[in-house]
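A.B. asks: Build me a model:
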Amino acid sequence: FVQESFHLKHWEAAGIKVWRLLRLNLGLELFFNISKEGEGNQVSKNRKISVRLVKMCLTVYKSVKNIIADFRSNESSNKKSDVTFLVASSTRFFKIDEKWYNPYYDSFIPFLEKTKKRTNCLEYSSDHQFKVPRFRASALIQLNLYWCFLIAFIKSRLHPLKLYQLEGFEEFREYVETNLGSFNYFRYNVLDLRVYVFCEYKKYFIKKLKNSQAKLTVNDGYYSLEGMSFIAASRALNIPAIELQHGVQGPGHVAYRKWLNTPDNGYEIFPNFFWTWGGSEADYLNSWLCQITGSVAIAGGNPCLNIYKKDGENIGETYNLRIKSLIAKRNNVNILFTAQAFFELPAFFLESVQSNQNWTFWIRIHPQYLDVKESLKKQLSEIPNTNIITEEASDFPLASLLNFMDLHITEFSSCVLEAAVSGIKSIVVNERAEAIYADLIEDKTVYTAYDKNTLDATISSILENKGLELSTNQEDIFNQGLHFLREKLN
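C.D. replies: Next comes the predicted model:
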């Protein structure tokens with residue numbers, strides 16, 4: 001309704017189309033239902049201004065500390081490269097050889113080195129996480145981005161954008177507050193700051209890309225301010241930009257739901273190429289991208305399921321042996337639970353864990369939501385079940401864990417998709433997942449359970465039946481994606 005009823009594509013301030021910024025933040029705020037959940041999850045807690053200010057100060061300290069502590073892994077942000085990557089520190093999901101590995105960068109390097117392509121990695125930490133030592137060198141740029149933020153803050157106070165003067169903007173704002181709720185994000189000073197931050201980030205990335213002379217850019221998420229401005233900088237310099245899928249890409253995610261009422265030449269925040277894990281995601285995106293000039297989705301495979309050591313060797317066998325040794329000491333039913341940003345696990349799930357001592361539960365803390373770790377570990381420690389594995393479940397690569405799991409449970413994690421391509425069925429225990437995985441629920445790849453009895457019965461039913469048929473080989477799809485990269489670089 002909103003996209004069809006207001007003059008969205010004509011709203012412009014500071015030289016940019018503002019609807020692209022409004023839609024993404026509004027959608028994410030609604031998804032996490034901040035006004036109702038309070039501090040029930042890490043995401044909503046970290047959006048509080050007081051928390052953000054404290055964590056920004058802490059991040060400045062951590063930036064300096066980690067640049068010094070991990071100095072051997074520092075590289076110049078101006079390093080000459082054929083491919084420049086932009087990644088978040090928090091997407092260093094696990095350790096390989098005791099160093100933090102980022103699949104959205106490290107998984108591509110063996111191939112690019114073989115083809116004699118130079119690379120550079122810009123790494124930011126806006127979510128206040130640093131993970132050192134790093135598996136490969138990168139340029140830690142968060143201090144530079146905070147400087148851009150400071151400039152943007154000053155500009156937003158000296159030169160307000162007067163968004164209320166845009167045609168239909170006040171009516172839009174009133175509609176949101178009346179029908180969806182009042183959000184701090186829709187205060188005019190907050191909107192002004194967001195627009196100016198985007199502009200300053202874009203200037204910074206244009207400078208870096210000019211210095212690096214990159215022929216291609218790759219990033220791990222287009223809908224953050226960092227991602228949007230990085231892509232906009234790439235497109236301003238006519239450098240093809242690729243966004244790597246890192247979660248759900250379908251109508252259940254606001255960033256990938258169909259965009260309507262767009263400018264004829266699209267938005268500069270859209271990458272030239274949406275790199276998806278498989279054909280179904282690419283088909284969905286292309287169903288509406290075909291109406292927008294300059295963007296297309298391609299099936300490139302999941303780098304999180306294709307992990308390599310520095311010599312190019314797949315890490316699979318190393319972790320297979322470690323997981324086998326843990327399994328040998330316990331029961332032969334292994335259930336993986338992938339946690340989200342919530343500070344508490346569902347009560348009925350904990351009841352199931354407690355009453356089913358003959359199953360082993362691998363509880364994986366989300367690698368980007370480490371603030372919830374201690375709270376979840378405390379909950380689990382109160383359960384008298386010795387067949388709970390948390391540390392290894394959280395530290396080992398997901399690709400290795402899935403080789404040994406009988407089924408997967410989650411609130412609404414995109415690990416549902418990774419489990420499916422590994423031949424494993426999932427049970428979702430949060431009602432939000434119904435909209436996200438409607439197709440998978442319909443074809444019995446995913447099941448729902450919102451109470452203990454249903455959960456126990458569904459687990460038993462899945463265990464009695466075979467897993468899913470594997471229709472694709474993830475390594476083959478990833479190799480196709482790497483072939484696509486080579487074509488774009490030649």
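
A.B. asks: What ranges in the stretch 51-200 of the chain fall below the confidence cut-off?
C.D. replies: Confidence mapping of the stretch 51-200 of the chain against pLDDT under 70 gives the ranges 181-185.

A.B. asks: let's go with 90 and repeat that
C.D. replies: 51-59, 97, 126-130, 163-191 (pLDDT under 90).

A.B. asks: got the residue ranges for the helices in it?
C.D. replies: 109-114, 142-158, 169-179, 188-212 (DSSP state H, counting those that start in this stretch).

A.B. asks: So which of the ones you listed is nearest K309?
C.D. replies: Closest to K309 of the helices of the stretch 51-200 of the chain, according to CB to CB: helix 109-114, at 8.4 Å. Any C-beta I mention is one placed from the backbone N, CA and C, and that applies to glycine too.

A.B. asks: For the closest one, enumerate the helices and strands it packs against.
C.D. replies: If you count contacts as 3 or more CB pairs under 8 Å, 6 or more residues apart in numbering; DSSP states H and E, helix 109-114 packs onto helix 474-489.

A.B. asks: The helix it packs on - what's its average pLDDT?
C.D. replies: Helix 474-489 shows an average pLDDT of 92 in the prediction.

A.B. asks: just the helices of the stretch 51-200 of the chain: most buried one?
C.D. replies: Highest mean neighbour count among the helices of the stretch 51-200 of the chain (mean count of other CB atoms under 10 Å): helix 188-212, with a mean of 20.

A.B. asks: Partner strands of the next helix or strand after that helix and their direction?
C.D. replies: Downstream of helix 188-212, the first helix or strand assigned by DSSP states H and E is strand 216-219. Sheet partners assigned to strand 216-219 using DSSP bridges are listed as strand 83-88 (parallel), strand 241-244 (parallel).

A.B. asks: Distance to Y146 and mean neighbour count for those strands - can I get that in TSV?
C.D. replies: Below are those laid out as TSV (distance: least, CB to CB, whole Å; neighbours: other CB atoms under 10 Å):
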stretch	distance to Y146	mean neighbour count
strand 83-88	15	26
strand 241-244	24	27
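
A.B. asks: Reformat these as CSV; add distance to N211.
C.D. replies: Below are the strands paired with strand 216-219 laid out as CSV (distance: least, CB to CB, whole Å):
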stretch, distance to N211
strand 83-88, 10
strand 241-244, 17
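
A.B. asks: Which of the ones you listed sits closest to A13?
C.D. replies: Here strand 241-244 is closest among the strands paired with strand 216-219 (CB to CB), at 23.2 Å.

A.B. asks: And the contacts of that closest one?
C.D. replies: 104, 216-222, 227, 230-231, 234-235, 271-275, 300, 303 (CB atoms under 8 Å, 6 or more residues apart in numbering).

A.B. asks: Just the buried ones from the residues you listed?
C.D. replies: Buried by 16 or more other CB atoms under 10 Å: 104, 216-222, 227, 230-231, 234-235, 271-275, 300, 303, out of the contacts of strand 241-244.

A.B. asks: Which members of the residues you listed are positioned in strands?
C.D. replies: Among the buried ones among the contacts of strand 241-244, the residues falling in strands (DSSP state E) are L216, T217, V218, N219, F273, F274, W275.

A.B. asks: which one among the residues you listed gets closest to Y146?
C.D. replies: Of these, the one sitting nearest to Y146 (CB to CB) turns out to be N219, at 19.1 Å.

A.B. asks: Now the closest one: closest residue in space that isn't a chain neighbour?
C.D. replies: The shortest distance from N219 to any non-neighbouring residue, by CB to CB, 6 or more residues apart in numbering, is to L86 (4.1 Å).

A.B. asks: The one you found against L225, yeah?
C.D. replies: No - the pair L86 / L225 is not scored as a contact, 11.7 Å apart, by CB atoms under 8 Å.

A.B. asks: Surely N331 is in contact with F361?
C.D. replies: No - the criterion here is CB under 8 Å, and N331 misses it with F361 at 10.3 Å.

A.B. asks: joint contacts of the two?
C.D. replies: Contact criterion CB under 8 Å, 6+ apart; residues shared by N331 and F361: N387.

A.B. asks: For the closest residue to Y437 other than its chain neighbours, grab the count of nearby residues.
C.D. replies: Using CB to CB, 6+ apart and skipping residues adjacent in sequence, the residue nearest Y437 is V446, 4.8 Å away. Counted with other CB atoms under 10 Å, the neighbours of V446 add up to 24.

A.B. asks: what does the one 10 residues further on give?
C.D. replies: Residues near D456, counting by other CB under 10 Å, number 17.

A.B. asks: can I assume it sits in a strand?
C.D. replies: No - counting by DSSP: H, G, I helix; E, B strand; the rest coil, D456 falls outside a strand, being helix.

A.B. asks: show me the residues around it that make contact.
C.D. replies: S352, S355, N356 are the contacts of D456 under CB under 8 Å, 6+ apart.

A.B. asks: go on, F349?
C.D. replies: F337, I409, V429, K452, L455.

A.B. asks: Excluding covalently adjacent residues, which one is nearest to the first one?
C.D. replies: In this structure, F337 finds its nearest non-sequential neighbour in I409, 4.7 Å apart by CB to CB, 6+ apart.

A.B. asks: Go ahead and confirm that neighbour touches I427.
C.D. replies: Yes - counting by CB under 8 Å, I427 is a contact partner of I409 at 4.8 Å.

A.B. asks: who touches both of the two?
C.D. replies: Residues touching both I409 and I427 (CB under 8 Å, 6+ apart) are L455, I459.

A.B. asks: who has more neighbours, these two?
C.D. replies: When I409 and I427 are compared for neighbours, I409 comes out ahead with 29 against 22, by other CB under 10 Å.
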